[in-house]
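Colleague: no FASTA, just this:
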Ligand code: ATP
């Protein structure tokens, strides 16, 4: 018998503005401790899936109109974003959304708003161990490079002490070298801290290389799923997503 997954999405539909059906029956499971990736073309509904999990749809007049989402055996699809952060899921938004006129440390402290502030300086040191570069950047976050801003956004997620991190296109706007570095750090956090990851990517090569399992979405549905090896060896995946590499 397989243990119950940490996160389980069962046949959800999502509508925007009460009419536009964007997810048309999506189901997926994320087992405890794994790094799962969600791939697919522009507009497939990947970001919408993450927002459905993290309670952020409401900010865009979207809602889960059918199906259910469970985290640690408990329904979360009716909870608001803050309740979901408190339950242990933290989303790193697409475009990073760091506060540009605050320092790194101030941004990191924002990540910890839902939790006990007692050991916060130790937590900041823990983040700096993963991202030593951020420690050297004492100015405003707006002056950080794109890669450093992505690191800061991931560090801010760590500050919430989450059980699971959702990442929306961590490679976006980064040079290949930085993409490699950021994915390496994500994998390290997954392995060392045991934090479960669900990661949306356009960059299928990198994402699959680091993932345990992957789902491929097209037009609001999951069209294929499998382990890293299964997907890397699938001819359709090779042709359409791995660019013949
Ligand atoms: P991308 O990589 O381009 O972000 P995606 O797979 O993450 O693609 P979504 O951003 O989830 O896709 O978008 C899925 C569909 O929902 C698209 O057709 C998009 O136009 C639509 N959509 C997204 N956000 C909204 C919104 N706030 N209101 C209405 N429609 C939306």
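Modeller: Yep, that arrived. As the structure is a prediction and not an experimental result, all values here were calculated from the model.

Colleague: any idea of the pLDDT on residue 178?
Modeller: If you check residue 178, the pLDDT there is 89.

Colleague: need the helices for the protein, in chain order.
Modeller: Using DSSP state H, the helices assigned to the chain run over residues 46-54, 81-87, 104-111, 120-130, 132-136, 146-159, 176-193, 204-210, 228-232, 235-240.

Colleague: Which parts of the second one count as buried, going by neighbours?
Modeller: For helix 81-87, burial by neighbour count (16 or more other Cβ atoms under 10 Å) applies to 81, 84-85, 87. No exception for glycine: its C-beta is placed from N, CA and C like everyone else's.

Colleague: Counting by contacts, list what that helix packs against.
Modeller: With contacts defined as 3 or more Cβ pairs under 8 Å, 6 or more residues apart in numbering; DSSP states H and E, helix 81-87 has these neighbours: helix 46-54.

Colleague: quick one: the helix it packs on near the ligand?
Modeller: Yes - applying Cβ under 6 Å from any ligand atom, one finds that helix 46-54 is in contact with the ligand at 46-48.

Colleague: How about the contacts made by residue 15?
Modeller: Residue 15 sits next to 21-22, 62-63, 65 when contact means Cβ atoms under 8 Å, 6 or more residues apart in numbering.

Colleague: Quickly name whichever of the residues you listed is closest to residue 108.
Modeller: residue 62 (29.1 Å; Cβ to Cβ).

Colleague: The closest one and the ligand, how far apart?
Modeller: 6 Å (Cβ to the nearest ligand atom, to the nearest Å).

Colleague: contacting residues for that residue?
Modeller: Counted by Cβ under 8 Å, 6+ apart, residue 62 has contacts 14-17, 22, 48, 51-52.

Colleague: For beta bridges, what are the partners of it?
Modeller: Taking DSSP bridges, one obtains residue 16 as the residues bridged to residue 62.

Colleague: Can you tell me how far it is from residue 215?
Modeller: Computed as Cβ to Cβ, to the nearest Å, the residue 62 to residue 215 distance reads 20 Å.

Colleague: Please apply the same query to residue 117.
Modeller: 37 Å.

Colleague: higher neighbour count, these two?
Modeller: The residue with more neighbours, out of residue 117 and residue 215, is residue 215; 26 against 10, by other Cβ atoms under 10 Å.

Colleague: Might you report the residue contacts of the more buried one?
Modeller: Residue 215 is in contact with 28, 36-39, 222, 224-225, counting by Cβ under 8 Å, 6+ apart.

Colleague: sorry, back to before: what is the most widely separated pair among the buried residues of helix 81-87?
Modeller: Farthest pair in the buried residues of helix 81-87 (Cβ to Cβ) is 81 and 87. Separation: 10.8 Å.
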